[in-house]
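> Prediction below, plus the sequence it came from.
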2 protein chains.
Amino acid sequence: MFQAAAKTLSLSRGASFSIRRYCFKTPAKLRVSEAVSGAHLGANVKVQGWLRSVRPQKANLFLHVNDGSALQSLQVVASSELNDPLLTLGSAVEVTGTLRKSPHQKQPVELEADQIHVVGDCNPVDFPFKKKERHSLEYIRQFPHLRCRTNAFSSLLRIRSEATTAVHSYFKENGFVQIHTPVITSNDCEGAGELFRVEPSGPENEEGEKFFSVPAFLTVSGQLHLEVMSGAFSRVYTFGPTFRAENSQSRRHLAEFYMVEAEVSFTQSLEDLTKVMEDMFRSATEHVLAHCAADVDLFHKHVTPGHRVSPQGHLLFGCIIIHYYYLNLLFFYCWGCDLQTEHEKYLVKHCGNVPVFVTDYPYDLKPFYARDNQDHPKHTAAAVDLLVPGVGELCGGSLREERLDLLRARTGLEDTYSWYLDLRRFGSVPHGGFGLGFERFLQCILGVDNIKDVIAFPRFSHSCLL
Amino acid sequence: MFQAAAKTLSLSRGASFSIRRYCFKTPAKLRVSEAVSGAHLGANVKVQGWLRSVRPQKANLFLHVNDGSALQSLQVVASSELNDPLLTLGSAVEVTGTLRKSPHQKQPVELEADQIHVVGDCNPVDFPFKKKERHSLEYIRQFPHLRCRTNAFSSLLRIRSEATTAVHSYFKENGFVQIHTPVITSNDCEGAGELFRVEPSGPENEEGEKFFSVPAFLTVSGQLHLEVMSGAFSRVYTFGPTFRAENSQSRRHLAEFYMVEAEVSFTQSLEDLTKVMEDMFRSATEHVLAHCAADVDLFHKHVTPGHRVSPQGHLLFGCIIIHYYYLNLLFFYCWGCDLQTEHEKYLVKHCGNVPVFVTDYPYDLKPFYARDNQDHPKHTAAAVDLLVPGVGELCGGSLREERLDLLRARTGLEDTYSWYLDLRRFGSVPHGGFGLGFERFLQCILGVDNIKDVIAFPRFSHSCLL
């Protein structure tokens, strides 16, 4: 390597024209992803980023510079003379030099450095991540302000960003209009309890008057607001944060999490929904696997070894549809019992580890808006859950009760939800929708066990760091 | 028209083959945007939507059916025999028939109806929107659950959805990673006061224990969380709801509004930011004008007449950059005074109604994170606002103080923001960012005066409907 470097150096010295050209031209500023692409071989460039590894050898110094644009870092090769004690893991650098074909297979390109400037140092004693160590997700979770500087979590964040794009793309391509449903709301959707209340933090108003004049909460679902839109748009969706004040520190729950929710008008049956659910799930999964191959691979190889999702794999084969009624026969559940997480996981496994739709739940298990199947004596609602391997419930949806008289028969709605009844008074149409837990979707693709590891800043009971 | 219809009918009767073919084939279900595109002339189709107008004439009945897929409705022509008293403005219908070239210039295509089915009726006495009336934005704002059924507000929602796409596209194309910054946060960003506090709504915990163990608020900005990411990603952005408990019912403020925020690492000067701000503003504006031409046109012609934005128009010409210092000389402001809305609007007008960047504000006007220009005795901060015609301040941004010692010198940070100081301890880099008020961006493009008219469910003091 030393000889190779020396040879290149002497060659450069010989080629005075090219040296002069490079010396007097401002080097092009490239991002790491551009630099490693191989499109700029021979160019004099400037690259900026953070050191992911530092390997001083006798004659040469090897650095890996990463700027978040890709998992892959740029290998920098420099003469030992350019070494500096401040070149440590995590420090920020600016390197100028020439992009060369690398003699190593691992990276096709390396940067032969002329200059290395330490932009911001990083004391290795205080920095919580150490050289050559693979830190566990649990360990890095303790440092919410720094964990994006690890390979695993920066991969996660790129995957999450790309999965967000995938969701938007799917809906856009299928003619859905995106609605920004509100975070602050005066309705509690499912009467679910476990709500967060919102009040100004300042000193109480003198008369104890409420800011919004009514009690205001953080939304638990954008469904009812989407249903408003279902009276004018036949396809709408929303994608944003939702909230539950659940006193749980489990691996499955967050106080603030992201939901994808869609509502389709003029439905004929649950199949109109399961088709959208399956399509979106498949399309988003394929998109992520295609656009984040290296990042997903890092998870499957090193972070969650053993987990595999491939375009040919189980997640993308056909889904199975099972009526809740048959679950009853198959698994001896009591009629009217809700499925527990263990049931869900067992069921998916029993079905050969493919996604499973469970449909037509007992009517009494479902909220007021679920459409009555009027199939007495069974009495089910046109509701559906999508269960997926490893995670259990990923989506829940239903046809909505569009018949004013049936909805009205539910006590209490006339007072608190007169606006909701209005939607059925004026141009009501059969419609339905579903919600998908975005973090669970990521967990399902990546095989990540703890939901706190697939969101940038997890909020849960007793924890709201930063 | 009557003769034309009769003729078509008799022609069809003669062509028994084609009648049979259409009668026994399930008609293709089309969305209105597909039906009006002209790509399906002659096809037997089914269209579902809501009636935007009903015009019974002697021999024929004319309906306009809209399903939200486009501003344009599909004109349905039916024999008077198909009329039904339930066919009223706002009712939901399903129409089957044949798509024909229309004899009218206004719409290229019309649907000759075989069957009209009223899916959901709409009592015209109770329905707040009336036939042939153009309702004002103020009027429809009273009906947050129904206003999406007007042309103006459904156009607004399509524009808003497309503008959202535009923002995401710009950042994606320019290599930014999207970060979901949290809504619930334990920091108050600018110490701005006017915060909403978050608590579970249930009965108080017995020991009065807090859910998150610390006071928790709704975010006023994702900036500090983006800055966390700026230590590993050289380009990040966030786009989501932010909150201010401002006791204001003004046309310019909401308690919940959307912000686009971006952070760029390895900046050299404010120009690195103004370039991104200008590019994004221009790119998003062009995208909206190109993809929502009909909807934007509706606003410029009927809702906000006189307002114009064109790709050749003022908004897309070059921006002007003015140092705050010169404002002082030009307009006799007192040094150290913040610009008021009227100043901003006057300044933009004075500059020829183009977007204006005001840079390098007095240091003391800006929050702790703004980078000190160290230009005593003036003493300014590297901060910038983008002012645009009609709206005033659209964006605010700054380089962030990346130097640990200068940041530390600000009292109090060591205690409350030790994690923020950590970002400067480990691999700190020059960086900066900005926030754009998404609603103001829409107001600027559409000329809408009241911010409540560019968001689906406005929240402001004393109002949290639905």
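Thanks, I have it.

> Pass me the low-pLDDT residue ranges in the stretch 301-450 of chain A, would you?
Applying pLDDT under 70 to the stretch 301-450 of chain A flags residues A:309-317, A:329-333.

> Contact residues of it facing chain B?
Neighbours of chain B within the stretch 301-450 of chain A, by C-beta under 8 Å from any C-beta of the partner chain: A:402, A:419, A:420, A:422, A:423, A:424, A:425, A:426, A:427, A:428, A:429, A:430. In this view, the C-beta of every residue, glycine as well, is placed from N, C-alpha and C.

> farthest pair in the residues you listed?
A:419 and A:430 (19.7 Å; C-beta to C-beta).

> higher neighbour count, these two?
Using other C-beta atoms under 10 Å in any protein chain shown, the more surrounded residue of residue A:419 and residue A:430 is residue A:430, with 22 against 16.

> How about the contacts made by that one?
Listed by C-beta atoms under 8 Å, 6 or more residues apart in numbering or on different chains, the contact set of residue A:430 reads A:265, A:266, A:267, A:268, A:399, A:402, B:119.

> how near is the last one to residue B:49?
Just to be clear, that refers to residue B:119. Residue B:119 sits 9 Å away from residue B:49, going by C-beta to C-beta, to the nearest Å.

> Now for those two: what residues contact both?
With C-beta under 8 Å, 6+ apart, residue B:119 and residue B:49 have common neighbours B:92, B:93.

> can you redo the residues of the stretch 301-450 of chain A next to chain B as JSON lines with secondary structure?
Listed next are those as JSON lines, based on DSSP: H, G, I helix; E, B strand; the rest coil:
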{"residue": "A:402", "secondary structure": "coil"}
{"residue": "A:419", "secondary structure": "helix"}
{"residue": "A:420", "secondary structure": "helix"}
{"residue": "A:422", "secondary structure": "helix"}
{"residue": "A:423", "secondary structure": "helix"}
{"residue": "A:424", "secondary structure": "helix"}
{"residue": "A:425", "secondary structure": "helix"}
{"residue": "A:426", "secondary structure": "strand"}
{"residue": "A:427", "secondary structure": "coil"}
{"residue": "A:428", "secondary structure": "coil"}
{"residue": "A:429", "secondary structure": "coil"}
{"residue": "A:430", "secondary structure": "coil"}
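
> Among the residues you listed, name the buried ones.
Listed as buried from those are A:402, A:419, A:420, A:422, A:423, A:424, A:425, A:426, A:427, A:428, A:429, A:430; burial here means 16 or more other C-beta atoms under 10 Å in any protein chain shown.

> The first one reaches residue A:426, doesn't it?
No: with contact defined as C-beta atoms under 8 Å, residue A:402 does not reach residue A:426; the gap is 11.8 Å.

> Residues that sit against both of these two, list them.
With C-beta under 8 Å, 6+ apart as the test, residue A:402 and residue A:426 both reach residue B:120.

> ok now do the closest residue to residue A:163 other than its chain neighbours, which residues does it touch?
Using C-beta to C-beta, 6 or more residues apart in numbering or on different chains and skipping the chain neighbours, the partner closest in space to residue A:163 is residue A:288 (5.1 Å). Counting by C-beta under 8 Å, 6+ apart, residue A:288 makes contact with A:159, A:162, A:163, A:166, A:296, A:445.

> go on, residue A:216?
Residue A:216 neighbours (C-beta under 8 Å, 6+ apart): A:184, A:185, A:186, A:197, A:198, A:199, A:210, B:459, B:464.

> which SS class is the nearest residue to residue A:422 once chain neighbours are set aside?
Excluding its sequence neighbours, the residue lying closest to residue A:422 (C-beta to C-beta, 6+ apart) is residue B:145, at 5.9 Å. Using three-state DSSP, the three-state assignment for residue B:145 comes out as coil.

> swap in residue A:272?
Assignment for residue A:272 (three-state DSSP): helix.

> what's the burial count for it?
Number of residues near residue A:272 (other C-beta under 10 Å) recorded here: 16.
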